[in-house]
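Chemist: Take this sequence and fold it.
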Amino acid sequence: MPKSVDRGRRTREQLIDAAAGLVGEVGWGAVTTRLVAERAGVNAALVHYHFSSVPELLTTAALRFAERVLTESADALRLASPADGIDRVLGELTRYTGTDPESLLLAEAFLAAHRLPELKAGLAALVADFRARVGDWLRAAGVEDADAVALLLGAAVDGMVLHRALDESVDFRPVASLFRRLVTD
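Modeler: Okay, the predicted model is just below:
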């Protein structure tokens with residue numbers, strides 16, 4: 001691979017990483033070409049060389065992050081029993097305060113999705129795929145109504161992160177036994 005292609009790929013990755021971090025710091029609407037370029041350590045013209053617009057860059061960054069988080073979560077569940085999977089999911093949630101940059105990136109992306117059809121479609125596909133993978137995992141473990149339980153778990157996780165964003169004292173541990181019962185009864 002020529003050095004220029006490799007350098008271009010690295011620059012694109014730097015821009016995506018910079019944009020993702022900035023959304024959590026300043027908000028979706030305040031991310032500018034200049035801010036992304038400064039954060040990435042590149043010339044501002046390169047932002048528009050690699051992306052047609054800042055919204056396209058932010059969409060790419062948000063979808064990439066959401067895909068990584070959802071894939072890692074689904075993969076971790078695949079290796080666990082339903083009860084252990086619940087513990088893993090709730091354990092993972094503790095790293096999200098609701099005010100950390102990753103939580104804010106996702107929250108901002110969900111809000112922006114109502115204005116950006118490509119982002120909405122991408123997030124919808126990722127969430128549907130995650131639910132399907134969780135449903136398959138639960139079905140393989142013999143859980144009744146696996147798809148409905150997968151929907152409920154996904155919605156509950158999202159809601160708990162939102163509650164924690166408003167109240168940092170929210171503790172996920174007290175609900176673990178309720179979720180375990182949901183997947184083992």
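Chemist: Contacts only, for Pro117.
Modeler: Residues counted as contacts of Pro117 (CB atoms under 8 Å, 6 or more residues apart in numbering): none. All C-beta spots, glycine's among them, are computed from the backbone N, C-alpha and C.
Chemist: hmm, try it at 10 Å
Modeler: By CB atoms under 10 Å, 6 or more residues apart in numbering, Pro117 lies in contact with Thr59.
Chemist: how much space between it and Glu108?
Modeler: Per CB to CB, to the nearest Å, Pro117 is found 17 Å from Glu108.
Chemist: Residue ranges in the protein under the pLDDT threshold?
Modeler: 1, 4-5, 185 (pLDDT under 70).
Chemist: Disregarding flanking residues, what is the spatial nearest neighbour of the spatially most central residue of it?
Modeler: Geometric centre of the chain, nearest residue: Ala66, 2.8 Å, by CA atoms, centre = their mean. Excluding the flanking residues, the one nearest Ala66 by CB to CB, 6 or more residues apart in numbering is Leu126, at 5.3 Å.
Chemist: ok, that neighbour touching Ser73?
Modeler: No: contact criterion CB atoms under 10 Å: Leu126 and Ser73 do not qualify, at 11.2 Å.
Chemist: Point me to the helix or strand that includes the residue nearest to the centre of the chain.
Modeler: helix 54-78 (DSSP states H and E).
Chemist: Pull out the buried residues from the helix or strand following that helix.
Modeler: Counting by DSSP H and E, the next helix or strand C-terminal to helix 54-78 is helix 82-93. Buried residues in helix 82-93, defined by neighbour count with 16 or more other CB atoms under 10 Å: 82-83, 85-86, 89-90, 93.
Chemist: For the residue in the chain sticking out farthest from the centre, give its distance to Ser103.
Modeler: Among the C-alpha atoms of the chain, the one most distant from their mean position (CA atoms, centre = their mean) is that of Pro2, at 32.8 Å. Using CB to CB, Pro2 is found at 39 Å from Ser103.
Chemist: Which parts of this structure are helices?
Modeler: All helices of the chain, identified by DSSP state H, fall at 3-26, 33-40, 45-50, 54-78, 82-93, 101-112, 117-140, 146-166, 176-184.
Chemist: Could you check how far Gly135 is from Val161?
Modeler: Applying CB to CB to Gly135 and Val161 gives a distance of 21 Å.
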